[in-house]
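Q: Turn this into a structure:
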Amino acid sequence: MHYRSIWIVMLFVSLSCFFSGVNAHLLTYKTISTDNGLPSNEIHYIMQDSKGYVWIGTKNGLCRWDSKNFEYFTVTDGLPNNEVLYLYEDSKGRIWISCFSAELCYFFNGSIHNTRNTSFLNRIKNYPGTMLTELNNELYYTSIDGKLNIFNFLTQKMTAYDKLGTLPTFSYLQYKGKIWGVQDVRIRDSLIAKNAKTLTWFKDSSYYTPYYYYPNLPRLDIVTRMDFKNREYAFQYGMDTPFYHAAFTDKDLQTAIYNDGKVLEIYKDHIIQKKDNYVLKVKYANRAHVFPINKNLYIGSTSGLLFCPQIPILEFNQDQNINNTARFIFRYANNTYVVNSEYQLINIDNQKQVNQLNENAVNLYNILYFKNKFYLTTSFDIFSLSNPNGIIEKYKNTNPLIVPNFKYITPSKKNNSFFVANGGRNGILFVDFKTNISKPLMVDIAMKVYSIYEDGQSRLWYSTTNKVYYTDEYYNGIKNSREFVLDPSNAVFCKSIQEDKRGNLFFTTNGGVFVYDGKHKYRIDRSNLLSDNECNKILIDTLRSCFWVATKDGLDRIGYFKENGGLKFKALSKFFASDGLRSDNINDILMDSNKLYIATDKGVNILDDINYRPDTMSIPVYIKLTAINAVADKGYDTIKTISLEHDRNNLTIGFSALYFLRRDRLKIKAYLYRNNNLVSQSEITGDKIDYYSLNDGDYKLILYAFDQDYRYLNGRSAPFEFTIKPPYYKTWWFILGSGLLIIVISTSLLLWSQNRRKKRALQQAELQAKLNESTLKSLQSQMNPHFVFNSLNTIQSFITEKNEEGAIDYLSDFSGLIREILEQSVHTFISLENEIQFLRHYVQLEITRFKSKFDVVWTIELDEDDLADIYIPTMLIQPIVENAVKHGVSSLNDIEGHIEISIDLVHDNLLRVVVKDNGRPVPHKKFKGNSIAVQTIKDRLNIYTKNKLKGEYHLVISETGATATITIPI
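A: Purely as a prediction, here's the structure:
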């Protein structure tokens, strides 16, 4: 799409004035043709459906436009003929299509319904290209035989209206629940018969009238009544009394259209928009269809579609022989002038060169309007003029020390004097244009100054290539200058400095706009509000609390206001080439009344309403599935419930965002949810979204559309829901069956394993018992010889001492003890009662042996019943008592020995035996670790367990004797 110029006259008395060359403004529009995707440049009909799509019937097919892309329909999609003459949407949302054929068809739910797939359409034969309408489930149309037919969708009955006989083609309108039919007059030449009459019909009544009626398409409730005899027209609802009258003088007027408060007069080759007194001139080849739809103007012709969005940006007619590169713009005597890149002064209202700067002029830098005079700075000259058509004066530099490179000029507070920024030597000049006297003010003659401004607080501000300074001592030379840092991190080039009526300073730079309110510094740039950082001009509108910024990539209007002791800024509006500007590169701007004049590098525009902001609207967004696993199918659009197998998880999803006003500025964001959790968020740059390798789950896709410059213009799609089925191994029945199978197998394995472990444990226990028994017997067999050996030593000592009686008594007691040992040797365990009895015999033998050198005290804290019930390993306590005798009390010579034996229970499952003596400690230390008996006790305790408890042996040696403690599990 591209912008072209449409002739529009701002003020006119008659069309003859227009054609004789009266000044004209241009209304911008977009031309849409086959170059942009239309199937044909010959347009027959245009309509917008209830969803927001624009349908265009052409000579070579039908297309649906979503403001960006075209969707095409031809005979291959179901049309009876490619030449589409008329379109109509009924109350059910069906788009009826009348082609150059008697066969009717309609579009509904993503596909064309025709006689081949919808049986009742075989009964409807429409006169090709004629209008039709629907009311109360009845379709009104002109049949192929020229009669009015009514088809009832509920009863499927056809009614032919015969009273009127054969009809001329009719146009239909609806008003107050009634259908009106008016004769469809085809104007084929410029002459209209003054006495012609047309037929008007309503149900059972019909009459002829001198008026010609035209429906105000796409509206069906308003009709235009044309009176060619008296040269007037009127608008009326249905056949009610007209609510608007107007006269016309030009015989070439075809009709008039009323829409949204605007009156459009349609001529053979141009349109007058009467509300604004604009003339829109387009070559129609004697035929055009004008459709005002939702404040936008669509003009279908034989050369394509002209689309005029209702953005109030106008143009001037441009002569190809005139250089319209507008460097600076100014107004004089209600005319608009520009200074172009060739230093020509052009009156752009009539496209004439009115003056020329000196041929030596090089580089335009600045224009100043001050006290009815214009001043222009160039590299070597400063020009001044009072009238663009008059004499151009030139400042004559009389100071030979000044090397001119004039950049900027600003008035001083002294009459007829100016400050001039000089990019050569002597950076700031004080100039009196009456006397041509200039005085250098800079001490540093090498400093090059590019902009300068004297503010309301008597401070002089000036900028160099990368710095800004200010001083309050300057009329007699620049003194005490201080740097004002705009950007501490990156140097910026300040092009101009201005001040509003509230004392706020504005700095125009190549890094955005800086504002200083006396306390705080603010930066407005591309990161927040501006279209581009390269700013060319600022225009402050204090009355409306805003300022305009001309950048190299668009025009911005920024509002500002005080809040909480500081300034706040907000974007009010933005304009680009896509809105109708001749270029995005804005060189200069000028405000005059309620209009803004915009100088671009390709010509001049007018913003007809400086307060313009688009009306609030909702942007419809629609989603459809277009491809699965890269296989496209139009049928996907008709699927209501989308449920896909797990291996069909690569989706291409198309969408339409219907935003005709500023489609180039539209942003789309996509949010994909899986099982109500956000899994993807992205900004879409194309017209489709691809999702690959989606996991199984329930999905929901929502698209948000918004104008990036006017966020209140937005919309969102309805949730697009689809399901990716899980693979069979993730289905509930597979998981349940697998779970049950695993449970059965696991249970079987567990039972088998438990049985096997029990058998092994039993076998191991039996084996361990046999092993323990064998070990105990082995240790016991070691114990018996040990005791016998010690007893024989005792008998030997008696014999050695020749104590026969003692030897006999001891031998008698010993033989009794041996019998007890022999009886115990066949058993692994012995009752505690028998063990104590055995120990008493043994102790008595030892007392006899050592000639009563010690005594033994017994402490037994057990019941007699417990003594009989408790069983312990045989010969386990005797070695401890023996050690207390042999290594304890037997070596005492000076004192009497004493042994205490105590037996009790610990925690009801451990038998504790404590043997304490008062013997010498050294023998005990020597004995510790070397005694075979002690090691045997430890080994026996280590292999003897009961109730998961093991016995323990402890020996404590002190200066007063030794204490041996043994615990035995019972």
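
Q: ok, now which ones touch H898?
A: Counting by Cβ atoms under 8 Å, 6 or more residues apart in numbering, H898 touches 854-855, 857, 889, 917-918. C-beta: built from backbone N, CA, C; applies to glycine.

Q: Quick one: the helices in the stretch 451-600 of the chain, in order.
A: Applying DSSP state H, counting those that start in this stretch to the stretch 451-600 of the chain gives no helices.

Q: so where is it shaky, pLDDT-wise?
A: Low-confidence segments of the stretch 451-600 of the chain (pLDDT under 70): none present.

Q: tell me the phi and psi of I799?
A: According to degrees, to the nearest 10, the main-chain angles of I799 amount to phi -60, psi -40.

Q: Setting aside sequence neighbours, what's the nearest residue to it?
A: In space, not counting the residues next to it along the chain, I799 is nearest to A807; the distance is 5.4 Å by Cβ to Cβ, 6 or more residues apart in numbering.

Q: just to revisit the earlier point, take the contacts of H898 and write them to JSON lines, including distance to Y671.
A: Shown next, in JSON lines, are these (distance: Cβ to Cβ, whole Å):
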{"residue": "F854", "distance to Y671": "98"}
{"residue": "D855", "distance to Y671": "99"}
{"residue": "V857", "distance to Y671": "93"}
{"residue": "V889", "distance to Y671": "96"}
{"residue": "D917", "distance to Y671": "91"}
{"residue": "N918", "distance to Y671": "93"}
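
Q: between these, which is closest to T960?
A: Ranking those by separation from T960, with Cβ to Cβ as the measure, puts N918 on top at 6.0 Å.

Q: Counting neighbours, what do you get for the nearest residue to the closest one once chain neighbours are set aside?
A: Across the structure, with Cβ to Cβ, 6+ apart as the measure, the residue nearest N918 apart from its sequence neighbours is G961 (4.0 Å). Other residues within reach of G961, judged by other Cβ atoms under 10 Å, total 22.

Q: next one: L822
A: Around L822 sit 10 other residues, with neighbours defined as other Cβ under 10 Å.

Q: picking up where we left off before, the contacts of H898: which two are farthest apart?
A: Of all pairs drawn from the contacts of H898, the one with the longest distance (Cβ to Cβ) is V857 and V889, at 12.3 Å.

Q: okay, the two: which has more neighbours?
A: V889 (25 against 10).

Q: residues contacting the more buried one?
A: When contacts are taken as Cβ under 8 Å, 6+ apart, V889 is in contact with 850, 853-854, 897-899, 917-919.

Q: Mind giving me the ChimeraX command for buried ones among those?
A: To isolate the buried ones among those in ChimeraX, judged by 16 or more other Cβ atoms under 10 Å, type:
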select :850,853,854,897,898,899,917,918,919
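
Q: Distance to Y395 for the contacts of V889 - can I get that in TSV?
A: Putting these into TSV (distance: Cβ to Cβ, whole Å) gives the following:
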residue	distance to Y395
F850	145
K853	144
F854	141
G897	139
H898	137
I899	137
D917	133
N918	134
G919	133
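
Q: would you list every one of the strands in the stretch 401-550 of the chain?
A: Ranges of strands within the stretch 401-550 of the chain are 406-411, 417-422, 428-432, 437-440, 451-454, 460-463, 468-471, 482-483, 494-499, 505-509, 512-516, 521-524, 535-541, 546-551, based on DSSP state E, counting those that start in this stretch.

Q: Could I get those strands in JSON lines, plus columns for distance to I329 and mean neighbour count?
A: Compiled in JSON lines, these are given as follows (distance: least, Cβ to Cβ, whole Å; neighbours: other Cβ atoms under 10 Å):
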{"stretch": "strand 406-411", "distance to I329": "17", "mean neighbour count": "22"}
{"stretch": "strand 417-422", "distance to I329": "21", "mean neighbour count": "24"}
{"stretch": "strand 428-432", "distance to I329": "25", "mean neighbour count": "20"}
{"stretch": "strand 437-440", "distance to I329": "28", "mean neighbour count": "18"}
{"stretch": "strand 451-454", "distance to I329": "19", "mean neighbour count": "24"}
{"stretch": "strand 460-463", "distance to I329": "24", "mean neighbour count": "26"}
{"stretch": "strand 468-471", "distance to I329": "27", "mean neighbour count": "19"}
{"stretch": "strand 482-483", "distance to I329": "34", "mean neighbour count": "10"}
{"stretch": "strand 494-499", "distance to I329": "16", "mean neighbour count": "21"}
{"stretch": "strand 505-509", "distance to I329": "16", "mean neighbour count": "24"}
{"stretch": "strand 512-516", "distance to I329": "20", "mean neighbour count": "22"}
{"stretch": "strand 521-524", "distance to I329": "23", "mean neighbour count": "18"}
{"stretch": "strand 535-541", "distance to I329": "10", "mean neighbour count": "20"}
{"stretch": "strand 546-551", "distance to I329": "10", "mean neighbour count": "24"}
